[in-house]
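Q: let me see the structure of the following:
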Amino acid sequence: MGTTATISAADQARALRAGAPRPLLPRSAEARLGPRQREVLDAIEAIFVERGFASFTISDLAGQVGCSRRTIYELAPSKDQLVLVVLDRLLHQKGRRALDAIDLDAPIAEQIRSYLAGGVEFGWAHRFSDDLADDAPARRLVDHHYRFVMTVVKRLLDLGVERGELRPVDTEVTAATLTGASLFISEPDMLDRFTMPSSNVVAQIVDLIVPPLTI
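A: Take a look at the predicted model:
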C-alpha cells in the first residue's frame with residue numbers, strides 16, 4: 001500500500017482540485033457584482049442554456065432580461081466575450097458540483113462514479129449544444145474544462161492503484177475512456193436515446209469499466 005493511502009480527506013480534496021481552469025470571471029470579481037448584475041448574469045445564462053446564443057445580439061438580450069445594454073457591457077465588453085464568461089461560469093458550477101458529489105471516504109470506484117454522474121446531471125438544450133459546436137472559442141473553452149475532468153478521473157484512478165484497490169493499469173487510457181464515454185452520452189442528442197437519467201447511464205458506464213479493475 002502506498003503512502004497516499006493515509007492522505008486526509010482535506011488533502012485529497014485539494015489534490016483533486018489542483019490545476020483547475022481559472023475562471024474568466026474570478027470568484028472575487030463575481031462576489032463584487034451588485035445584486036442586479038448578478039440577476040442579469042443568471043438570466044442571460046438561463047437564456048443561453050435553453051435557447052442558445054448565436055442568434056442573440058446584446059440589444060436582444062437587454063430586451064429579454066429587461067436591462068440596459070450598459071448593464072450587460074459592464075459584465076463583458078462584447079457579445080463574444082459575454083458568451084465565454086457565461087459558459088465558463090456555467091462549467092465551473094458544473095465542475096464544483098461534480099467534485100462536491102464525491103464521498104472521499106468511499107471506495108475509489110464509487111468516487112469515480114459519483115464524480116462523473118455529478119457532472120452530467122447538469123445538461124443543456126439542443127440549441128445551446130449546436131451553438132457550442134459552431135463557435136470555435138467556446139468549443140476550445142469546453143475542451144479545456146473537459147481535459148480537467150479527465151485529469152481528475154486519472155488522479156482518482158492513480159489513487160486507487162496506490163491504495164491497492166485497483167489493478168495496475170494505464171490510468172491515462174482508462175481515464176480517457178471513462179471521461180470520453182461519459183461526456184459523449186451527456187450530449188442532448190445522445191440523452192434523447194435513453195429512457196433513464198444521464199447519471200444512471202454514466203453509472204452503468206463506470207460499472208462496465210471499473211469493477212474488472214478492482215482487486
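
Q: tell me the contacts of the closest residue to residue 166 other than its chain neighbours?
A: The shortest distance from residue 166 to any non-neighbouring residue, by CB to CB, 6 or more residues apart in numbering, is to residue 160 (3.7 Å). Every C-beta, even on glycine, is put in place using the N, C-alpha and C of the backbone. Going by CB atoms under 8 Å, 6 or more residues apart in numbering, residue 160 touches 108, 109, 166, 213.

Q: out of the residues you listed, who has the most neighbours?
A: residue 166 (24 neighbours; other CB atoms under 10 Å).

Q: tell me how far it lies from residue 35.
A: 47 Å (CB to CB, to the nearest Å).

Q: can you check residue 156 too?
A: Applying CB to CB to residue 156 and residue 35 gives a distance of 38 Å.

Q: how about residue 50?
A: On the measure of CB to CB, residue 50 and residue 35 end up 23 Å apart.

Q: the closest residue to residue 76 other than its chain neighbours: neighbour count?
A: The shortest distance from residue 76 to any non-neighbouring residue, by CB to CB, 6+ apart, is to residue 82 (3.8 Å). By other CB under 10 Å, 21 other residues sit near residue 82.

Q: skip ahead from the helix ranked longest in the chain and say which helix or strand is next.
A: Determined from DSSP state H, the single longest helix within the chain is helix 136-163. Sequence-wise, the next helix or strand downstream of helix 136-163 (DSSP states H and E) is helix 171-185.

Q: so which elements touch the lowest-mean-pLDDT helix or strand in the chain?
A: When each helix and strand of the chain is scored by mean pLDDT, DSSP states H and E, helix 188-191 comes last, with a mean of 77. For helix 188-191, the elements it packs on are helix 126-134, judged by 3 or more CB pairs under 8 Å, 6 or more residues apart in numbering; DSSP states H and E.

Q: measure how the helix it packs on sits relative to helix 136-163, angle-wise.
A: 90 degrees (axes from the mean of the first three to the mean of the last three CA atoms, to 10 degrees).
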